[in-house]
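Asks: Predicted model and sequence follow; I will ask about them next.
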Amino acid sequence: MSSRVEVVAMDKSVKKSSWPHRKRQIAAILRLEVRKNFTGKRSVLMYLLALLPVLIMAALVSVHYDDIRTNFSEASLIFANLYEGMILRTVIFFGCAWIFMNLFRGEVVDRSLHYYFLSPVRREVLVAGKYISGLITSLILFVTMTALAVFFIYLPLGYSGAMNQLLNGPGMNQVLIYLGTTVLACVGYGAVFLVIGLFFRNPVIPAIILYGWEFINFLLPPVLKKLSVIHYLHSLTPVPIPEGPFAIVTEPTSAWLTVPGLILVTAIVLVLASLRIRRMEIKYGSE
Amino acid sequence: MNEASSQMIVFEDVSKFYGEILGVNRVNLSIAHGITSLVGPNGAGKTTLMNLMTGLLRPTRGQISILGISPGEPEELFRSVGYCSQFDSFPRGVTGREFINMFLSVHGMAKDEADELTMKALERVNLVAAAEKKVAAYSKGMRQRVRLAQAVAHNPSVLILDEPLNGLDPMARAETIRLFRQLADEGLHLVISSHILHEVDMMSDSVVLLNNGYVVAEGDVRDVRDEMEEHPMQVLVRCDHPTTLAARVFEQDLVVEARIHEDRGGLFIKTRDADKFYLLLNEVVAEGSVQIESVTPVDDDLSAVYRYLIGSETEGSRV
């Protein structure tokens, strides 16, 4: 009787953990999660959020079509305000909150997280898989949104005017920086919200507190400013925008520090998430 | 970890507290292969034990090992363990086939292998016809079966099943019990919780009785019953002269109570030593004074053990 058990155990030990094996596991998690992120009921809010700035941009352009064509530098400043005030601080912030907090919290609410916990996957691998899936989802959505918003601001210039602005003016540089800032925002906010979703039963409250913190960032003293994601993202934006008469002005952090800094903070936050999930128990009843 | 414990499920002084509330306390168990049933009323600690075994919960104190593997090592553990939990919930929008297949792919299996195992698992629980239906449209019994299929799909060596017969119709129950027996005969460890005592009695190789977070008894049901000296064994002897038999058995100290059956065609006897009592019966038969038709132990089953150790069976049936 026991010999059969031994044979089974030996057979299974052959499939030792290896990097290709873990890659297959992460790929499987990605397939499941990306599909869920895009097709689940929860995705509706995400689509609406992403559509909002595109619609506003389209409306703005249709109303001020000629003004944009004649005074593109003014239009660039308006876009910069819209990008930072709406796209970055609101849409990407809440979009990432929705996507990343639901990666774990949503499964706890649906009572389906235990299926992952009962699979032969290291929990750290699960964190990595889920985070990457959230990142893919948010990047597809918000990079497309940013690109569409940029498309609308360039629309009144026509093909040749737009190409001229992009290739001979500062256009291409600005567009790439906007897209890159969107990518970094998803990377940074994504990690923060994933951790919030793991640590808090009701992650909405910490998300709102974080929103408040990010919102009043321009009023904070320099040391505290640096304890926020928006400070670094704001430093990257290509068209400087005034922050108002009450803003405490600080030296913007250079891109050489901002990008690796944000990635480092993301890595630290993900390590924190991995430590948390290792000790996580499934007690749906008390959630 | 010695070789014997690498073939067993071992709990060493395991306690689990939910804040100040006791889940289980000081559990010491060694579970061998075959079917082991966890029996006890609501809140006895059955699901807590199963969740501890599978790492869904972490013990407050003590150590657990499943075939020598700690529940804290999911990557290794769940190649050998399948758990059909009581959570009647599923990922949204999946069909039965997708549900099994998706988690096999998370194992890191290639598509072909996962597809093949998925179909085998569905066949095992007779769900092939409903494989492409959304799980949300399944009946309770079908949901139970698809969770069972998911737990067995990767051919584990240890199967942990929390109330696996819940919601199944009688035919499906019988088939499922047959499947459990077959898996146990193949050398698997099956740990099952159930509140249907006669089914537990029928299929289990051993039982673990739990009450209020403590293990009250464990082992083979008959062995447990034999050790309960404060509850004399009851035997119904069908015979032609119950009064004569009553007089004869009272000559010996080993019978503590005898009561004539309502139809006057038999005698209920309570004895502290069943083996000696059966020898006495042989003597009575040899003497020829009484014709004995049948001898039936009345309370050496799980229901009786449960009743004596834990409380009423009615209470147990709410487990």
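Replies: It's in.

Asks: Packing partners of the helix or strand hosting A:F152?
Replies: Using DSSP states H and E, A:F152 maps to helix A:123-154. Counting contacts by 3 or more Cβ pairs under 8 Å, 6 or more residues apart in numbering or on different chains; DSSP states H and E, helix A:123-154 packs against helix A:19-39, helix A:43-63, helix A:72-82, helix A:93-110, helix A:158-167, helix A:171-199, helix A:255-278. Yep, even glycine has a C-beta here, placed from its N, CA and C like the rest.

Asks: so what's the residue nearest to B:L267 when sequence neighbours are not counted up against?
Replies: Nearest residue to B:L267 in three dimensions, chain neighbours excluded: B:P242, at 4.1 Å (Cβ to Cβ, 6 or more residues apart in numbering or on different chains). For B:P242, the contact set (Cβ atoms under 8 Å, 6 or more residues apart in numbering or on different chains) comprises B:260-261, B:264-267.

Asks: From the residues you listed, keep the buried residues only.
Replies: Those of those that meet the buried threshold are B:266-267, by 16 or more other Cβ atoms under 10 Å in any protein chain shown.

Asks: which intervals of chain B have sub-threshold pLDDT?
Replies: B:1-5, B:227-229, B:312-319 (pLDDT under 70).

Asks: tell me the centre residue of it?
Replies: B:S37 (1.9 Å; Cα atoms, centre = their mean).

Asks: before we move on, back to that, and of the helices and strands packed on helix A:123-154, who's closest to chain B?
Replies: When those are ranked by proximity to chain B, the top entry is helix A:19-39, at 3.9 Å, counting by Cβ to the nearest Cβ.

Asks: name the helices or strands packed onto that closest one?
Replies: By 3+ Cβ pairs under 8 Å, 6+ apart, helix A:19-39 packs against helix A:123-154, helix B:96-106.

Asks: Would you format those as TSV with mean neighbour count and distance to B:N212 included?
Replies: Formatted as TSV, these follow (neighbours: other Cβ atoms under 10 Å in any protein chain shown; distance: least, Cβ to Cβ, whole Å):
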stretch	mean neighbour count	distance to B:N212
helix A:123-154	21	32
helix B:96-106	24	35
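
Asks: Output those in CSV; the columns should cover distance to B:A114.
Replies: Listed next are the helices and strands packed on helix A:19-39 as CSV, based on distance: least, Cβ to Cβ, whole Å:
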stretch, distance to B:A114
helix A:123-154, 17
helix B:96-106, 4
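
Asks: Hmm, B:L280 is touching B:L254, no?
Replies: Yes - the criterion here is Cβ atoms under 8 Å, and B:L280 meets it with B:L254 at 7.3 Å.

Asks: Between those two, which is the more surrounded one?
Replies: Taking other Cβ atoms under 10 Å in any protein chain shown, B:L280 and B:L254 do not tie; B:L280 has more neighbours (19 against 16).

Asks: Flag every residue of the stretch 51-200 of chain A that's near chain B.
Replies: Listed as neighbours of chain B in the stretch 51-200 of chain A under the rule Cβ under 8 Å from any Cβ of the partner chain: A:110-112, A:114-123.

Asks: Could you give the number of residues near the nearest residue to B:L165 once chain neighbours are set aside?
Replies: Nearest residue to B:L165 in three dimensions, chain neighbours excluded: B:R173, at 5.2 Å (Cβ to Cβ, 6+ apart). Residue crowding around B:R173 was assessed by other Cβ under 10 Å; the count is 17.

Asks: Also A:A247?
Replies: Neighbour count for A:A247, taken as other Cβ under 10 Å: 12.

Asks: That one should be in a helix, yeah?
Replies: No - read with DSSP: H, G, I helix; E, B strand; the rest coil, A:A247 is coil and lies in no helix.

Asks: I'd guessed it sits against A:L219; true?
Replies: Yes - the criterion here is Cβ under 8 Å, and A:A247 meets it with A:L219 at 6.8 Å.

Asks: For stretch B:295-311, list every residue counted as buried.
Replies: B:299-310.
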